[in-house]
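S.K.: Dropping the sequence and predicted coords here.
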Amino acid sequence: MTGPVARPATWLLGLVPLCVIAVVLAGFAVLGGPGLAPRNGPPAEELVVERTALAPGSIELVVRNEGTDPVAVAQVAVNDAFTDFRMSTPEIGRLRSAHVRIVYPWVDGEAYEVALLTSTGGVIAHEIPAAVATPSASGFLGLMALLGLYVGVVPIVIGMLWLPWLRRMPPAGVRGLMALTVGMLAWLAIDATIEGLEVGGAGAFGGSGLVPLGAVAAYVLLSGVSAAMLARQGRAGGHRLALLVAVGIGLHNLGEGLAIGSAYAVGALALGATLVVGFAVHNTTEGLAIVAPISHERASPPRLVLLGVLAGAPAIPGAWLGAAAVQPALAALLLGFGVGAVAQVIVQITPSVRDRQGRLLHPLGITGFLAGLLLMYATGLLS
């Protein structure tokens, strides 16, 4: 009598398709790709300028090769005049980056058109709208932290001072304010999506596709956090909603800090009082969105300060990352995170907009939603 036949382990069966495809690919490579004719025509060259740094007498560009073929820069022209340059590497491989240092006596405030001519005759154009010396790395951390504090933490905390006024609102008024909050958050999601697609479209490693990837990841992650908080508390309290709103706004302000820091690094940001005031007014309305869910619940001052810091402080590391030449793909991913977080918060808040009949699209709710969109749009014009 024979014993039972031993069955292979489950994990071993899972490796069978991987082993088969590995053998097929190895054979394809050894045989030199049978059936594939050699490619005709010039190589596909795609260079993208990721960063511009200006110093007295020189312009430095950080370029990345997004094409499949290596690229070599043969000549450089500034405003149609050829000039000397130095490359950090003679040839730029696929998805690799290189520094191009151009010797040129640029004039402060003037516009320049830089053309990189490749060895195959291709031209990659890059525009500098207004030449301004790039600030040195030393000392910018403190300045970015101060700027993030001015445009992030301080205005949001000030906006939370609307809480005593909200406590006097009747239930119908609170529903209108929740609809206002949904409209404000919807505008933030739209704004971050547009900015993320614009930033990611000029970068490698997935480009603008990283925006929806980050959005889905943040939405799922924040949904898990919300479910865990709900299981712990046993009910959907206003403090939980306020915390989720603060997290969503914080991720959005992280992307806003990225924009501020990157613009500062290339000298394209006027760090004047007008700009700071514009961002401050815009972000003050975000403080209203945070305290609206807890308008009829007790909240200690330390908890309120913590919510304000959670929503505004991410602008500081965002500015640091942007000023330190953050990769466009990372910026697109982080902006996508902000979109997903805000979308998840909107889903959490929307049920509180319903009136006594259970309607979501009642006159007060529609008015509040549209008012939130218009309010954020109007204050956004100031920045």
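M.R.: In hand now; what should we look at?
S.K.: Tell me the spacing between Leu163 and Pro105.
M.R.: Leu163 sits at a distance of 57 Å from Pro105 (criterion: CB to CB, to the nearest Å). Using the backbone N, CA and C atoms, a C-beta is placed for each residue, glycine as well.
S.K.: can you map out the helices along the chain?
M.R.: Secondary structure of the chain by DSSP state H: the helices cover 10-30, 140-148, 154-159, 163-167, 171-200, 210-233, 238-265, 273-291, 301-312, 315-323, 328-349, 363-381.
S.K.: Tell me which of these sits nearest to Asp84.
M.R.: Nearest to Asp84 among those is helix 238-265 (24.6 Å), distances taken as CB to CB.
S.K.: pLDDT of that closest one, averaged?
M.R.: If you average the pLDDT over helix 238-265, you get 78.
S.K.: any idea of the angle it forms with helix 315-323?
M.R.: Interaxial angle of helix 238-265 relative to helix 315-323 (axes from the mean of the first three to the mean of the last three CA atoms, to 10 degrees): 30 degrees.
S.K.: now helix 238-265, how far from the chain's geometric center?
M.R.: 10 Å (CA atoms, centre = their mean, to the nearest Å).
S.K.: and the angle for it with helix 301-312?
M.R.: Computed by the same axes, to 10 degrees, the angle between helix 238-265 and helix 301-312 is 40 degrees.
S.K.: Please name every helix or strand in contact with helix 238-265.
M.R.: helix 140-148, helix 171-200, helix 210-233, helix 273-291, helix 301-312, helix 315-323, helix 328-349 (3 or more CB pairs under 8 Å, 6 or more residues apart in numbering; DSSP states H and E).
S.K.: Which pLDDT value belongs to Thr10?
M.R.: The model's pLDDT for Thr10 equals 75.
S.K.: so who does it touch?
M.R.: Residues in contact with Thr10 (CB atoms under 8 Å, 6 or more residues apart in numbering): none are found.
S.K.: avg pLDDT for stretch 305-323?
M.R.: On average, stretch 305-323 scores 85.
S.K.: Kindly report which one of the helices of the chain carries the lowest mean pLDDT.
M.R.: Of all the helices of the chain, helix 273-291 has the smallest average pLDDT, which comes to a mean of 71.
S.K.: For stretch 165-177, buried residues please.
M.R.: Neighbour counts using 16 or more other CB atoms under 10 Å place 166, 174-177 of stretch 165-177 among the buried residues.
S.K.: Actually, stretch 317-329.
M.R.: So for stretch 317-329, counting by 16+ other CB under 10 Å, buried means 317-323, 325-329.
S.K.: coming back round to it: so for Leu163 and Pro105, which sits in the more crowded spot?
M.R.: Leu163 (17 against 9; other CB atoms under 10 Å).
S.K.: That one contacts Val291, doesn't it?
M.R.: Yes - if you go by CB atoms under 8 Å, Leu163 and Val291 touch, sitting 4.4 Å apart.
S.K.: Find residues that contact each of those two.
M.R.: Between them, Leu163 and Val291 share the contacting residues 299, 304, judged by CB under 8 Å, 6+ apart.
S.K.: thinking again about what came up before, just so I know, which of the helices of the chain lies nearest Ala53?
M.R.: helix 238-265 (7.6 Å).
S.K.: follow-up on the earlier one: mind giving me CSV with the helices and strands packed on helix 238-265 and columns for distance to Ala77?
M.R.: Shown next, in CSV, are the helices and strands packed on helix 238-265 (distance: least, CB to CB, whole Å):
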stretch, distance to Ala77
helix 140-148, 31
helix 171-200, 27
helix 210-233, 33
helix 273-291, 34
helix 301-312, 45
helix 315-323, 29
helix 328-349, 25
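S.K.: To Glu66, which of these lies closest?
M.R.: helix 328-349 (10.6 Å).
S.K.: From the chain's centroid, how far away is that closest one?
M.R.: Centre to centre, stretch against its chain (CA atoms, centre = their mean), the figure for helix 328-349 is 8 Å.
S.K.: circling back: of all the helices and strands packed on helix 238-265, which one comes closest to Phe82?
M.R.: helix 328-349 (28.6 Å).
S.K.: what angle do that closest one and helix 171-200 make?
M.R.: Going by the same axes, to 10 degrees, helix 328-349 makes 160 degrees with helix 171-200.
S.K.: just the CA coordinates of helix 328-349, formatted as CSV?
M.R.: Extracted C-alpha coordinates of helix 328-349, given in CSV (Å, rounded to 0.1, in the frame of the first residue of the first chain):
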residue,chain,number,x,y,z
PRO,A,328,8.5,67.3,-9.9
ALA,A,329,7.3,63.8,-9.5
LEU,A,330,7.4,64.0,-5.7
ALA,A,331,5.6,67.3,-5.9
ALA,A,332,2.9,65.8,-8.0
LEU,A,333,2.5,62.9,-5.6
LEU,A,334,2.3,65.1,-2.6
LEU,A,335,-0.3,67.3,-4.3
GLY,A,336,-2.2,64.2,-5.1
PHE,A,337,-2.1,63.2,-1.5
GLY,A,338,-3.8,66.5,-0.6
VAL,A,339,-6.5,65.9,-3.2
GLY,A,340,-7.3,62.5,-1.8
ALA,A,341,-7.3,63.7,1.8
VAL,A,342,-9.7,66.6,1.0
ALA,A,343,-12.0,64.3,-1.0
GLN,A,344,-12.2,61.9,1.9
VAL,A,345,-13.0,64.7,4.3
ILE,A,346,-15.8,65.9,2.0
VAL,A,347,-17.3,62.4,2.1
GLN,A,348,-17.2,62.5,5.9
ILE,A,349,-18.8,66.0,6.2
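S.K.: Could I get the buried residue list for it?
M.R.: Quick answer for helix 328-349 (16+ other CB under 10 Å): 328-346, 348-349.
S.K.: Share the number of residues neighbouring Ala313, please.
M.R.: 20.
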